[in-house]
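Visitor: What follows is a predicted structure for the sequence shown.
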Amino acid sequence: MLHPLAGKPAPRSVLVDVPALVSAYYTGRPDPGDPAQRVSFGTSGHRGSSLRQAFNEAHILAITQAICEHRAAAGIDGPLFLGMDTHALSTPARLSALEVLAGNGVTVCISAGYTPTPAISHAILEHNRDPEARRADGIVITPSHNPPEDGGFKYNPPHGGPADADITDAVQARANALLAAGLDGVRRVPVAQALAADSTHDFDFIAPYVDQLATILDLDAVRAAGLRIGADPMGGSGIGYWPVIAERYGLDIDIVNDAVDPTFSFMTLDKDGKIRMDCSSPYAMASLVELKQRYDVAFGNDTDFDRHGIVTRSAGLMNPNHYLSVAIDYLFRNRDWPGAAIGKTLVSSSMIDRVAADLGRPLAEVPVGFKWFVDGLHSGRYGFGGEESAGASFLRKDGTVWTTDKDGLLLDLLAAEITAVTGKDPGEHYRALTERFGAPVYERIDAPATPTQKAVLKKLSPAQVSATTLAGEPIEATLTEAPANGAAIGGIKVVAASGWFAARPSGTEDVYKIYAESFRDADHLHAIQAEAKAMVDAALAGA
């Protein structure tokens with residue numbers, strides 16, 4: 001149900017009390033016996049709020065010590081690139097992490113300001129290009145687009161992308177053991193000593209990233225076209241990048257909101273009435289969408305700039321699936337990437353499948369989570385990797401890796417390149433795709449599920465789905481493993497000729513998510529959703 005204030009400016013009554021939030025970070029004592037207060041790595045690291053005893057100093061000290069021990073065991077002895085976003089809890093978390101990193105003698109590279117996730121990935125990969133260099137890795141302190149009261153902490157190993165489960169499971173287990181031991185085993189020094197340590201170095205993340213954008217984008221075409229570009233940093237970590245990019249490449253970029261405020265009081269509320277820096281939400285992005293006629297193309301980003309929201313005159317805020325389809329179609333027609341595949345998650349639109357078939361390119365379907373694109377992007381086997389939640393990256397013009405984490409800055413600027421080179425904005429390009437391949441209707445809904453039921457859903461087998469048709473069509477495939485790599489998808493996907501659904505348990509709520517798409521119409525979509533819920537409920541009841 002849509003909140004009555006969705007898309008409206010945030011009232012003072014919903015703003016977080018920053019002093020109370022930071023105080024709770026230092027004074028809160030998480031209970032290691034309470035699962036909700038333990039370290040828990042999801043698809044994007046550990047997240048939580050200090051007000052709920054889920055993101056406190058103890059968590060960060062324990063996680064950082066566990067990462068230091070992992071580095072030592074893995075022989076990673078190069079620099080660690082440390083970045084943070086603009087959430088209120090990010091600054092104290094960075095100081096806590098520095099105390100432990102210095103206490104363990106780790107060489108740390110930090111910026112005086114904020115650092116986007118893609119800049120950390122880029123820095124790691126650039127350092128590790130030298131085969132003789134000691135391997136580098138990184139930490140990004142961010143809860144992504146989560147509300148202002150949340151904090152987040154994620155680890156990127158030497159491949160530059162999100163850590164896989166073999167690493168995060170070990171780090172999580174060790175961190176929780178340290179919590180249970182009252183932090184006995186955590187090596188730390190006072191923060192002043194950590195900041196002044198010989199192992200702590202100032203690092204310019206902006207210049208190397210910005211200077212090398214010419215290796216992946218045609219920004220000369222953007223300049224020559226004289227496009228008017230609007231950028232809304234949404235109070236996030238990339239705010240300092242836009243002026244440098246504009247000056248370096250001679251672009252007409254208007255920063256429509258230059259505020260950095262840990263309460264994010266400038267935001268319009270999301271659909272549920274919460275402040276959430278979700279650049280794919282028309283409610284959170286309402287302020288920028290209102291300005292669409294002032295710019296040839298505009299965009300916003302979440303707080304760590306790994307996601308993108310593209311606004312065009314022709315379509316307003318683009319659905320992430322729509323823009324991914326356009327980006328893929330454009331890139332594989334305008335880049336020389338022989339044999340490179342197109343990477344997508346199983347819950348992304350099947351429009352991508354149709355585009356890939358038309359391009360004659362192999363399609364690599366992987367489970368949810370950007371970590372599944374890391375190896376393909378790193379090796380150049382995937383020209384593009386993108387997920388339905390508005391996160392993607394792609395290769396440089398020469399077919400080598402750019403980032404192995406999501407890059408919102410890159411996808412923003414690609415929208416400008418597409419508009420400049422073709423004379424049509426991405427919204428117009430998507431309309432052309434629908435004229436060729438059909439106009440799909442896509443939606444994600446939630447259904448209630450107990451923790452036990454979620455555990456069952458995560459391990460379903462195709463044999464547990466007895467249905468043979470989906471919304472009147474024969475079922476062509478029932479998947480519990482990703483076609484690209486055979487990895488478990490943590491749920492199930494059922495495919496018919498003109499529609500599909502996927503069901504996955506939520507990692508944080510007592511619900512399961514149903515992703516569904518129809519290439520017919522909304523009525524067909526609703527039929528798919530109803531049958532999806534019936535199929536999953538029957539499988540859960542029979543388990």
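Guide: Cool, got the structure. This one's a predicted model, so the numbers in the text were calculated from it and none came from an experiment.

Visitor: which residues of the stretch 301-450 of the chain fall in helices?
Guide: 320-334, 351-359, 374-379, 408-422, 426-437 (DSSP state H, counting those that start in this stretch).

Visitor: Which strands or helices does the fourth one pack on?
Guide: Okay, so that is helix 408-422. On a contact count with 3 or more Cβ pairs under 8 Å, 6 or more residues apart in numbering; DSSP states H and E, helix 408-422 meets helix 117-128, helix 219-225, helix 241-249, strand 297-301, strand 308-312, helix 320-334, strand 391-394, helix 426-437. (C-beta placed from N, C-alpha, C; glycine too.)

Visitor: and it, how far out from the chain's middle?
Guide: Computed by Cα atoms, centre = their mean, to the nearest Å, the chain-centroid distance of helix 408-422 equals 19 Å.

Visitor: So for it, what gets flagged as buried?
Guide: The neighbour-count check on helix 408-422 (16 or more other Cβ atoms under 10 Å) flags 408-420 as buried.

Visitor: And for the shortest one?
Guide: Burial within helix 374-379, assessed by neighbour count using 16+ other Cβ under 10 Å, is assigned to V374, G376, L377, H378.

Visitor: Compare the helices and strands packed on helix 408-422 and report which one is nearest to G42.
Guide: strand 391-394 (14.5 Å; Cβ to Cβ).

Visitor: got the CA positions of that closest one in PDB?
Guide: The C-alpha coordinates for strand 391-394 follow below in PDB (Å, rounded to 0.1, in the frame of the first residue of the first chain):
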ATOM      1  CA  GLY A 391      23.600  -2.000 -10.700                       C
ATOM      2  CA  ALA A 392      26.000  -2.800 -13.600                       C
ATOM      3  CA  SER A 393      29.500  -2.500 -15.000                       C
ATOM      4  CA  PHE A 394      31.100  -3.200 -18.300                       C
END
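
Visitor: Any stretches of the stretch 401-543 of the chain with poor pLDDT?
Guide: 508, 542-543 (pLDDT under 70).

Visitor: swap in the chain?
Guide: For the chain, the stretches with pLDDT under 70 are 508, 542-543.

Visitor: Longest helix in it, please.
Guide: helix 522-542 (DSSP state H).

Visitor: So which elements touch that one?
Guide: In terms of contacts (3+ Cβ pairs under 8 Å, 6+ apart), helix 522-542 is packed against strand 441-448, helix 451-458, strand 469-470, strand 488-496, strand 499-505, strand 511-518.

Visitor: Pull out the buried residues from that helix.
Guide: 524-529, 531-533, 535-537, 539-540.

Visitor: Quick one: residues contacting A112.
Guide: D202 (Cβ atoms under 8 Å, 6 or more residues apart in numbering).

Visitor: Any figure for the gap between it and F203?
Guide: 10 Å (Cβ to Cβ, to the nearest Å).

Visitor: Ok, R174 next?
Guide: Taking Cβ to Cβ, one finds R174 at 27 Å from F203.

Visitor: Output stretch 205-222 as PDB, nothing but the C-alphas.
Guide: Backbone C-alpha positions of stretch 205-222 (Å, rounded to 0.1, in the frame of the first residue of the first chain) are rendered in PDB as follows:
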ATOM      1  CA  PHE A 205      40.800   8.200  -5.600                       C
ATOM      2  CA  ILE A 206      39.200  10.800  -7.900                       C
ATOM      3  CA  ALA A 207      42.000  11.700 -10.400                       C
ATOM      4  CA  PRO A 208      42.900   8.100 -11.500                       C
ATOM      5  CA  TYR A 209      39.200   7.200 -11.900                       C
ATOM      6  CA  VAL A 210      38.200  10.300 -13.700                       C
ATOM      7  CA  ASP A 211      41.300  10.400 -16.000                       C
ATOM      8  CA  GLN A 212      40.600   6.800 -17.200                       C
ATOM      9  CA  LEU A 213      37.000   7.400 -18.000                       C
ATOM     10  CA  ALA A 214      38.200   8.100 -21.600                       C
ATOM     11  CA  THR A 215      39.200   4.400 -21.800                       C
ATOM     12  CA  ILE A 216      35.700   3.200 -21.400                       C
ATOM     13  CA  LEU A 217      33.300   6.000 -22.600                       C
ATOM     14  CA  ASP A 218      33.100   8.300 -25.600                       C
ATOM     15  CA  LEU A 219      32.900  11.600 -23.600                       C
ATOM     16  CA  ASP A 220      34.300  13.600 -26.600                       C
ATOM     17  CA  ALA A 221      30.900  12.800 -28.300                       C
ATOM     18  CA  VAL A 222      29.000  14.000 -25.300                       C
END
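
Visitor: In space, what's closest to I63 - neighbours in sequence excluded?
Guide: Excluding the flanking residues, the one nearest I63 by Cβ to Cβ, 6 or more residues apart in numbering is A175, at 4.6 Å.

Visitor: That neighbour belongs to a strand, doesn't it?
Guide: No - read with DSSP: H, G, I helix; E, B strand; the rest coil, A175 is helix and lies in no strand.

Visitor: Hmm, E69 and it touching each other?
Guide: No - in this structure, A175 is not within contact of E69 by Cβ atoms under 8 Å, at 9.8 Å.

Visitor: Between these two, which is the more surrounded one?
Guide: A175 (28 against 18; other Cβ atoms under 10 Å).

Visitor: What separation do you get for the more buried one and P4?
Guide: 41 Å.

Visitor: Thank you kindly, that will do.
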